[in-house]
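K.L.:
Fold the following for me, if possible:
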Amino acid sequence: QVQLVESGGGLVQPGGSLRLSCAASGFTLNYYAIGWFRQAPGKEREGVSCISNRDGRTYYADSVKGRFTISRDSAKNTVYLQMSSLKPEDTAVYYCTRTLYRCSWRASEYGYWGQGTQVTVSS
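P.N.:
Numbers count the residues shown, from 1 in each chain. The predicted structure is shown next:
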């Protein structure tokens, strides 16, 4: 059974850090590009970061570039999103997802989504 399970969210003050995890089961993570998306209340789901299955290349939305880092641990079949210098506008539910194709910012190009983990940045 294919599953993606996110964890690591929580409440953090502006300027703080969090590390999100996306644990995969039922498939080998390395065969897929893994994306992180987020959705804030009243807003559309937006792409945050992606790591390619082909060459491990990483991609970031302009809003998080320089602050977030995506990585993959093949032995644990897990992808991480290290988030630093967090801002209130980073508050959202964060989801991981997979695609057999190239990294994309279009949510419609991904299949199988985790349940999401809430990140709240507030003082």
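K.L.:
what sits up against stretch 58-78?
P.N.:
Contacts to stretch 58-78, defined as CB atoms under 8 Å, 6 or more residues apart in numbering, come from residues 21-25, 28-30, 34, 36, 46-52, 56, 79-86, 89-90, 103, 105. Where you see a C-beta, it was placed from the backbone N, CA and C, and this is true even at glycine.
K.L.:
which among those residues end up buried?
P.N.:
For these, a burial check counting by 16 or more other CB atoms under 10 Å picks out 21-24, 29, 34, 36, 47-51, 79-81, 83, 86, 90, 103.
K.L.:
if I look at residue 118, how far off is residue 20?
P.N.:
Separation of residue 118 from residue 20 (CB to CB, to the nearest Å): 11 Å.
K.L.:
Settle it for me: which of these two has more neighbours?
P.N.:
Counted by other CB atoms under 10 Å, residue 118 and residue 20 do not tie: residue 20 has more neighbours, with 24 against 12.
K.L.:
Name whatever forms a beta bridge with the more buried one.
P.N.:
Counting by DSSP bridges, residue 20 is bridged to residue 81.
K.L.:
picking up where we left off before, just the ones of the contacts of stretch 58-78 in strands?
P.N.:
21-25, 34, 36, 46-51, 79-83 (DSSP state E).
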